[in-house]
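>>> From the sequence below, what's the structure:
(one chain, ligands or ions: 1)
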Amino acid sequence: MKIAVLPGDGIGPEVAAQAVKVLQALQRDGLKFEMVEAPIGGAGYDAAGDPLPEPTLKLAREADAVLLGAVGGYQYDKLPRPQRPEQGLLRIRKELNLFANLRPVFVYPELADASTLKPEVVSGLDLLIVRELTGDLYFGQPRGIRVNAQGEREGFNTMVYSESEIRRVAHSGFKTAMKRKRRLCSVEKANVLETSELWREVVIEVGRGYPEVELSHMYVDNAAMQLVRNPKQFDVILTGNIFGDILSDEASMLTGSIGMLPSASLDGANKGMYEPIHGSAPDIAGRDIANPLATILSAAMMLRYTFNLEDAAQRVETAVRKVLAQGLRTADIFVPGTDKVSTGRMGDAVVAAL
Ligand code: NAD
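So this is what the prediction gives:
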């Protein structure tokens, strides 16, 4: 099992190191991982003048999975756009054809008070958003800003999804639902948009191949409302790129801290890139106070989705739950009465709990 480890910038290397520790601990129990590190983002620019250096991309292509920390830093903000760290991330997603983005939203009982929503609304929450990642308004052509016939400037983008793009992410959605409670809610705006009309038709077709999965449909405006009204009604939400972008950020707040949320971006063969949803947090980088749990939980997703090691994935998730139950907290989730620990100590505690 070959893993490309791309720590990136800011807190990226600090949190990635903890996930590597956890994978190494599992090796002692007989799993065999080959982990190779390479620079990406600002680190890639510093090393090779490119946020996605060729050797890094080659390594990522050859690996079965990629574990990424985070990219970005103020010192790179003035570079021309193609050389900025974030471009390295967008390019690697595109180059590896990672079209299905999986974001679990899970509320640990110990952290139910950390959400801005009432504990009774979020406690026990366990949902997963499957967002299409390489199409829709963000990539559709034509796009631009032009002067119209009235001499006024107008901006325009194209919402477009081909049948095959919908079909492949729908398969990801149904397969994911098969590994969970077997309920899938497809979210679009079919009452107004033709793109969504086709989306719904294709999802229904694909759904016929998964009779065990209960399929429902919801308009995106209602889904946005339901996510804060009664989020526990959902198991898997399947949606397009722009709706998923907005809904997944909304859903992340149900859990309280950005430092807890992992993600996976998969291609059609379950090769994946696994990363925390947060950025490089330059404001706290180098201080050993970042929360590494989102990255450790991303490694658990890697075990589940790329390597099909459900038991190992659950062991890591249980270990995380255990350290939270022991009262260990990094600064972002600290409340009086708990034990504030560093990034490194949190990683060590998860290893010990394994
Ligand atoms: P951010 O997610 O880096 O930070 C937002 C806030 O959350 C900060 O106050 C930070 O200290 C805190 N935070 C983030 N992760 C944390 C963790 N693990 N533990 C504790 N606190 C944590 O977002 P930002 O400040 O908007 O962006 C900083 C840089 O990261 C920018 O250069 C941006 O482009 C980049 N970025 C990268 C990614 C990525 O690599 N996937 C995602 C988002 C932003």
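>>> mind checking the end-to-end distance for stretch 48-59?
One end of stretch 48-59 sits 15 Å from the other (Cα to Cα, to the nearest Å).
>>> do that stretch and the ligand meet at all?
No: against the ligand, stretch 48-59 shows no contacts by Cβ under 6 Å from any ligand atom, the least distance being 10.9 Å. The C-beta positions use only the backbone N, C-alpha and C, and glycine is treated the same way.
>>> Repeat that for stretch 128-147.
No: counting by Cβ under 6 Å from any ligand atom, the ligand is not contacted by stretch 128-147; separation bottoms out at 12.3 Å.
>>> And for stretch 276-296?
Yes: using Cβ under 6 Å from any ligand atom, stretch 276-296 reaches the ligand at H278, G279, S280, A281, P282, D283, I284, A290, N291, A294.
>>> what mean pLDDT would you report for whatever helix or strand the last one lives in?
Counting by DSSP states H and E, the element that carries A294 is helix 293-305. Per-region confidence: helix 293-305 scores 97 on mean pLDDT.
>>> Give the buried residues for the next helix or strand after that helix.
Next helix or strand after helix 293-305 toward the C-terminus (DSSP H and E): helix 310-325. For helix 310-325, a neighbour-count test (16 or more other Cβ atoms under 10 Å) marks A312, A313, R315, V316, E317, A319, V320, V323, L324 as buried.
>>> Which member of these is positioned nearest A43?
Distance to A43, by Cβ to Cβ, is smallest for V316 among the buried residues of helix 310-325, at 25.9 Å.
>>> Just to check, that closest one is in contact with V350?
Yes: using Cβ atoms under 8 Å, V316 is in contact with V350, at 7.5 Å.
>>> where do the contact lists of these two overlap?
V22, I296 (Cβ atoms under 8 Å, 6 or more residues apart in numbering).
>>> can you tell me the helix or strand for the spatially most central residue of the chain?
When Cα atoms, centre = their mean is applied to the chain, the residue found nearest the centroid is S263 (2.3 Å). Secondary structure from DSSP H and E places S263 in strand 262-266.
>>> is that strand anywhere near the ligand?
No: judged by Cβ under 6 Å from any ligand atom, strand 262-266 stays clear of the ligand, getting no closer than 8.6 Å.
>>> tell me how far that strand is from the chain's mean position?
In terms of Cα atoms, centre = their mean, to the nearest Å, the centre of strand 262-266 is found 4 Å from the chain centre.
>>> What is it packed up against?
In terms of contacts (3 or more Cβ pairs under 8 Å, 6 or more residues apart in numbering; DSSP states H and E), strand 262-266 is packed against strand 100-106, strand 272-276, helix 293-305.
>>> The helix holding A294 - contacts with which helices or strands?
Contacts defined by 3+ Cβ pairs under 8 Å, 6+ apart place helix 293-305 against helix 12-27, strand 65-70, strand 100-106, strand 262-266, strand 272-276, helix 310-325, helix 343-353.
>>> Tabulate the CA atom coordinates of it in PDB.
What follows is helix 293-305, C-alpha atoms only, in PDB (Å, rounded to 0.1, in the frame of the first residue of the first chain):
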ATOM      1  CA  LEU A 293      -7.600  15.000  14.500                       C
ATOM      2  CA  ALA A 294      -9.000  16.100  11.200                       C
ATOM      3  CA  THR A 295      -5.900  14.700   9.500                       C
ATOM      4  CA  ILE A 296      -5.800  11.500  11.600                       C
ATOM      5  CA  LEU A 297      -9.500  11.000  10.700                       C
ATOM      6  CA  SER A 298      -8.600  11.600   7.000                       C
ATOM      7  CA  ALA A 299      -6.100   8.700   7.300                       C
ATOM      8  CA  ALA A 300      -8.900   6.600   8.700                       C
ATOM      9  CA  MET A 301     -11.000   7.400   5.600                       C
ATOM     10  CA  MET A 302      -8.000   6.300   3.500                       C
ATOM     11  CA  LEU A 303      -8.000   3.000   5.200                       C
ATOM     12  CA  ARG A 304     -11.800   2.600   4.600                       C
ATOM     13  CA  TYR A 305     -12.200   3.900   1.000                       C
END
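>>> and the chain, what are its domains?
The record's domain split for the chain, according to automatic domain parsing, is 1-100+268-354, 116-255.
>>> Name every strand pairing with the strand holding S263 and say which way it goes.
Using DSSP bridges, strand 262-266 pairs in its sheet with strand 100-106 (antiparallel), strand 272-276 (antiparallel).
>>> Please identify the most buried of the ones you listed.
Most buried of these, by mean neighbour count (mean count of other Cβ atoms under 10 Å): strand 272-276, with a mean of 27.
>>> can you give me phi and psi for the residue lying farthest from the centre of the chain?
Largest separation from the mean C-alpha position in the chain: Q150, at 43.3 Å (Cα atoms, centre = their mean). Backbone torsions for Q150, taken as degrees, to the nearest 10, come to phi -90, psi 0.
>>> Tell me the spacing between L215 and P53.
L215 is 43 Å from P53, where distance means Cβ to Cβ, to the nearest Å.
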